[in-house]
Each structure stands twice: as structure tokens, then as C-alpha cells.
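Enquirer: Quick one: sequence and predicted model below, then my questions.
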Amino acid sequence: MTRINKLLFTIVVTLSVLQPAFSQSQATAQNPRTILLDSVHIIDVTAGTVSDIQQVLLQDGRIVAIGESVADNVDHNAEFLRIDSNNGYLMPGLMDMHAHIRHPLAATLIFPQFVANGVTGIREMNSECDGPQPGAPCLQQMQTWQQQIDAGELVGPRLLALSSFPVNPPWDYEATEEQIRGLVAEMDNRGVDLIKTYFRLSPQAFRWLADEAGRRELMVSGHLPVPMTVTEAVQVGLNSLEHARDLLFDCFPGSSEFRSTQRTQNPSVDWLQRMVTEHNSAQCEQILKTMADNDTWYVPTHVTRRMDAMAGDSAFRNDPRRQYIWPEVLQSWDADADNMLAMAPSSEERAIVAGFYQKGLELTGQAQDAGVRILMGTDSGDSYSYFGASAHDELQELVKAGLTPAQALQAATISAAEFLGMQDDYGDLTIGKVADLILLRANPLEDISNSMTIEAVFMGKQYYDREALDTMLQNVVAEIDGM
């Protein structure tokens, strides 16, 4: 995630300057107290099934009734909104469990893109500032946004969990137990939900950190220390493993040599080749068993390694969704792709990088079969990971990896809610839950790409029809064009 630090803090803008553009997109929302959806199929993400035509009643931002004649429960003398769903498909909003939005432009340019793409909740993975960063929103601003979004005052995905800054001291820095435990205590007092670890942290410091976080009921997630294996991290309290590559680092006979000699989380092409050609499935099976036995979840973020593999593909780099990304970030993305090409310029080397990406996909399918709980995450804002839109890319990556469309949807809905301990409010269509929902034109259980056929998004009491969603995206483009 080092690329995030370069691209998410390139512009310093005061939030007061950005407010007018946000107000324009906010005006497109409807917030009737009661909404009746007619003629809709219900996607049961837990069972992986779709219902016959139903009616759904929403009131005060929650689901209050589902059935064939729900309209009988509506007071037709009172004001309510009736929506003809046209035999569409209603499912829970998507939840991105590895997202980045900490940027001064978040309220105008980032948040609307998540909502317009049906992403109604995220786990934010770099929510605090590590030292002074003029103009960059830090945890207090994140918490304010969190409250405003929940109150319906700000268009954006719910910030379901906020992290510390990446704990990543310099190489060979001998942190003391008191320092590590004190850092965790400080983050806890500030109100973070998880401690994010990073690759230069020593294994001993990781152990102290995980122990203190566990004692305080904080999650531990992020990048592993390079000298530390997945198994070691899992056994001392890792809650979720982020990114596919750490598994690949451990699933070949040269793993010990790699972890003991390297000081980078970005292996050379020679190391990538060894990790692919010497891959040992049996070695990996034991790691996956340990993850499953210890309830360590897995967020593979395949879109990040896809970028590595496709850095030289002009169609990939010129995706039409570039219009929603502002120039400084695009320059960073393109420079990152150029660096990948410089690292592996020949066709043989490009094939090795692509093989590493493909092996990561295979491992996710193997993890699913081994009982490891999978979560959908995009590393949004990382190179060519588009805010909100790449959630649909990652769903397709999960299906490429061997998950069924139902399993991919679970990773982005009910599983995410369970991981966060929020299943009483989010994750599926159950009476009493918050009405964070998306209405689709086509069935995603038949083809996962149908998750993109969004007709409407419900964020609790807020309702955005297709016109409103298009307006959000148009406002983003207009704001970028005016820079």
C-alpha cells in the first residue's frame, strides 16, 4: 500500500472550499419515511438463492416487511413512496473490507463514487495521520464524516471501521514492549477499531502489538512483517490477512530464505518466478488450515496484483473510468505502471508477473475450499483500483478464483458484516436490518457482472434512483474538469 501514501495526499484543499459541490449531489437524494418496493426478486446472499416476485416495505431506514402482499400493511392515507421495481433484483449493499478514502477531496470526489456503485459500507484501512500532515484529514475528521454519513447529512459509504496509521518503523529500529503497547493504547484511546501493521515491523513488535490489541478488543490487520510467516502471525492474533502475496511468500520451499534475507514486500522478478514455479500446494494447505482453525479471515485484493500483470496493456490503462480520477492521482497510477514495466520489461518477465497474479487467484479458490472466510476488498485508490467501481472488478476476480457468484456476494455482504460483528444491522435482507440495499436489473447469481446493473441504491433513509446516481458521477466529472 505504499502507492496509497503517494497518491492520496497529493492535493491540499480545505474542506470548506469543497462543500458547494457536495451540496449539489446531496440534493438528488430522496428520503421518504416509508418506501414500498413492488415486483422485486430478493437475493438471499446466505443461501445463494433468489425469490419469486415479492414486495418489500422500508420504514425509517429499516426493512419492516417482506412478502407477497406487504402493501396491505401500508397506510395509504399517509405519504409514502411506491417504487415499481420492474422485476428487478434486490440485494444488500456491497461492503469493501479494504478501502482507502483519507483525502481532502473525499467528500466531493470519492464518497459519491462508492454510493453510485452500490458500495454502502467500507473498512477504512489508513484512517489516522502518523505525525503532522497539513491539509490531510486525520482520524477526527474521519469520525466526523462517519457521523455525518450515518445521519444522512453526507453522501458516502458508511465508515464501518477505522484503522490506525500503518505501524511501520524503520528497519532495525528496536522498539520496546512499552513503546508498542503504549502505541496501541494511544490508538485505542483515540477511537480506532483496528491496528494496521506494516512490513518493516519486527516479528517481536508484532507479537506485543497483537497481544495488546487483543486485550483491548481491537482488530489487527494489514501487511505482515517481512521476516514473519503467515502461520506465525495467525497464531499470535492476526484477524485478517490482507493481499494475496503474503500467502505466496510462504507457499514455496524458499520461503525461509526469502523472509530472512529480504527487506521489501515487492519481490524481484527472480523471486516471483521461484514462488510460482516452486509453489508447494501441500505447504499452503497447512497454512490455510491454520487460518481456518484460528478464524483468520482473508482479503486477497486481487485487483492490486491484476494491475501488476496488466501494466503494459493500453486498454487496461485507458479504462473509461479514468474520467472519475483527478490528474495528480492518474499521474501516480501511470508512473506506478511504468515502474512495473521497468522492473519486468521483457515478454518473459511480464509472463512471470502475470503468473504470480494467476497463482494468487488459485490460492483464493484453495482458501475457500479449506474453510478460510473470504472478504471482498479493493485497496481502493491504489493504482487502477477505482473508488466503488472496482468492487465489481474484485467480485469478478473472486469468481475467476473459483468462488461461485453466491460465495463472491457473501464475501461482500453477510461475511463482511459478520467479520465486523455488525450482522444484526447489515449484510442481508432480513426484517429489522438497516435498509442499505441495491436494486439491480439482472440477477448476479447467474452472472456476477450483473452486480453492475444498478437501478437504485438505498442508504438507510436515503433513496437514490438511477438519475440521482448518474448525477453524482456527473458532478464528480465536472469537479475534475474544473481543476
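Expert: Cool, got the structure. Residues are numbered from 1 along each chain as shown.

Enquirer: In contact with Met483, which residues?
Expert: For Met483, the contact set (Cβ atoms under 8 Å, 6 or more residues apart in numbering) comprises 326-327. All C-beta spots, glycine's among them, are computed from the backbone N, C-alpha and C.

Enquirer: Could you give me the buried positions within stretch 409-426?
Expert: 409-420, 422-423, 425-426 (16 or more other Cβ atoms under 10 Å).

Enquirer: Among those, which ones are in helices?
Expert: Here DSSP state H is the test, and the buried residues of stretch 409-426 give 409-411, 414-420 as lying in helices.

Enquirer: What is the nearest of the residues you listed to Met310?
Expert: Ranked by distance to Met310 (Cβ to Cβ), those are led by Ala411 at 22.4 Å.

Enquirer: what's near enough to touch the closest one?
Expert: Counting by Cβ under 8 Å, 6+ apart, Ala411 touches 374-376, 395, 398, 403.

Enquirer: Also Leu194?
Expert: By Cβ under 8 Å, 6+ apart, the residues touching Leu194 are 123, 161-164, 213, 218-221, 239.

Enquirer: Give me the longest helix you can find in the chain.
Expert: Longest helix in the chain, counting by DSSP H: helix 347-369.

Enquirer: Show me what counts as buried in it.
Expert: Residues 349-350, 352-368 are the ones in helix 347-369 that count as buried (16+ other Cβ under 10 Å).

Enquirer: that older thread, kindly indicate which of the ones in helices among the buried residues of stretch 409-426 lies nearest Tyr298.
Expert: Distance to Tyr298 across these (Cβ to Cβ) is lowest for Ala411, with 9.3 Å.

Enquirer: how close does that closest one sit to Leu209?
Expert: The gap separating Ala411 from Leu209 is 27 Å, by Cβ to Cβ, to the nearest Å.

Enquirer: got it, and Asp130?
Expert: Separation of Asp130 from Leu209 (Cβ to Cβ) stands at 15 Å.

Enquirer: Of those two, which one has the most company?
Expert: Each of Asp130 and Leu209 has its neighbours counted (other Cβ atoms under 10 Å); Leu209 has more, 26 against 13.

Enquirer: if I read this right, the more buried one contacts Val220, doesn't it?
Expert: Yes - between Leu209 and Val220 there is a contact at 6.8 Å, judged by Cβ atoms under 8 Å.

Enquirer: Mind listing the shared neighbours of the two?
Expert: 195, 197.

Enquirer: count of neighbours near Glu217?
Expert: Neighbours of Glu217 (other Cβ under 10 Å): 9.

Enquirer: Could you pick out the buried ones from the contacts of Leu194?
Expert: Those of these that meet the buried threshold are 123, 161-164, 213, 218-221, 239, by 16+ other Cβ under 10 Å.

Enquirer: Closest to Arg322 out of the residues you listed?
Expert: Using Cβ to Cβ, the shortest approach to Arg322 within those belongs to Arg123, at 25.6 Å.

Enquirer: who's in contact with that closest one?
Expert: By Cβ under 8 Å, 6+ apart, the contact set of Arg123 is 95-99, 160-161, 163, 194, 377, 416, 420.

Enquirer: does it count as helix, strand or coil?
Expert: Here Arg123 is recorded as strand under DSSP: H, G, I helix; E, B strand; the rest coil.

Enquirer: What segments of the stretch 101-250 of the chain are strands?
Expert: 119-124, 158-162, 194-197, 219-222, 240-242 (DSSP state E, counting those that start in this stretch).

Enquirer: Can you give the contact residues for the last one?
Expert: The set of residues that contact strand 240-242 without belonging to it, under Cβ under 8 Å, 6+ apart, is 97-98, 125, 219, 221-224, 230, 233-234, 247, 291, 296-299, 301, 375, 377, 419.

Enquirer: make it 6 Å
Expert: Strand 240-242 is contacted from outside by 98, 221-222, 297-299, using Cβ atoms under 6 Å, 6 or more residues apart in numbering.

Enquirer: Closest one of the residues you listed to Asp44?
Expert: Closest to Asp44 out of the contacts of strand 240-242 is Trp297 (21.9 Å), distances taken as Cβ to Cβ.

Enquirer: rewinding a little: between the helix or strand following the longest helix of the chain and helix 347-369, how big is the angle?
Expert: Counting by DSSP states H and E, the next helix or strand C-terminal to helix 347-369 is helix 390-400. For helix 390-400 against helix 347-369, the angle between stretch directions is 80 degrees (axes from the mean of the first three to the mean of the last three Cα atoms, to 10 degrees).

Enquirer: Sort out which residues of helix 390-400 are buried, please.
Expert: Those would be 390-400, for helix 390-400 by 16+ other Cβ under 10 Å.

Enquirer: average pLDDT across stretch 235-252?
Expert: Mean per-residue pLDDT for stretch 235-252: 96.

Enquirer: Sorry, wrong one. I was asking about stretch 409-417.
Expert: For stretch 409-417, the mean pLDDT works out to 98.

Enquirer: Pull out the CA atoms of it and give them to me as PDB.
Expert: Provided in PDB are the C-alpha atoms of stretch 409-417 (Å, rounded to 0.1, in the frame of the first residue of the first chain):
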ATOM      1  CA  LEU A 409     -21.500 -11.900  -3.000                       C
ATOM      2  CA  GLN A 410     -21.300 -13.300   0.500                       C
ATOM      3  CA  ALA A 411     -17.700 -12.000   0.700                       C
ATOM      4  CA  ALA A 412     -19.000  -8.500   0.100                       C
ATOM      5  CA  THR A 413     -22.100  -8.600   2.200                       C
ATOM      6  CA  ILE A 414     -23.100 -11.000   5.000                       C
ATOM      7  CA  SER A 415     -19.500 -12.200   5.600                       C
ATOM      8  CA  ALA A 416     -18.300  -8.600   5.900                       C
ATOM      9  CA  ALA A 417     -21.000  -7.900   8.400                       C
END
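
Enquirer: what residue ranges in this protein score low on pLDDT?
Expert: 1-29, 77 (pLDDT under 70).

Enquirer: picking that back up, nearest to Leu272, of the buried ones among the contacts of Leu194?
Expert: Ser221 (24.3 Å).

Enquirer: my guess is the closest one meets Asn239, correct?
Expert: Yes - Ser221 sits in contact with Asn239 when judged by Cβ atoms under 6 Å, with a separation of 5.5 Å.

Enquirer: Quick one: end-to-end length of stretch 139-158, please.
Expert: End-to-end distance for stretch 139-158, by Cα to Cα, to the nearest Å: 15 Å.

Enquirer: Check stretch 44-57 too.
Expert: 16 Å.

Enquirer: Throw the contacts of strand 240-242 into CSV and include distance to Ala116, thanks.
Expert: Converted to CSV, the contacts of strand 240-242 look like this (distance: Cβ to Cβ, whole Å):
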residue, distance to Ala116
His98, 20
Ser221, 27
Gly222, 28
Trp297, 27
Tyr298, 28
Val299, 23
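
Enquirer: For Asp172, state which of the residues you listed is nearest.
Expert: The closest of the contacts of strand 240-242 to Asp172 turns out to be Gly222 (Cβ to Cβ; 20.2 Å).

Enquirer: Buried residues in stretch 202-217, which are they?
Expert: Neighbour count says stretch 202-217 has 202-203, 205-213 buried, by 16+ other Cβ under 10 Å.

Enquirer: residues in contact with that stretch?
Expert: Taking Cβ under 6 Å, 6+ apart as the rule, stretch 202-217 contacts 175, 177, 180-181, 184, 188, 195, 220, 225, 227-228, 236-237.

Enquirer: Next, give me the two most distant ones among the residues you listed.
Expert: Pairwise distances across these peak at 26.3 Å for Asp188 and Pro227 (criterion: Cβ to Cβ).
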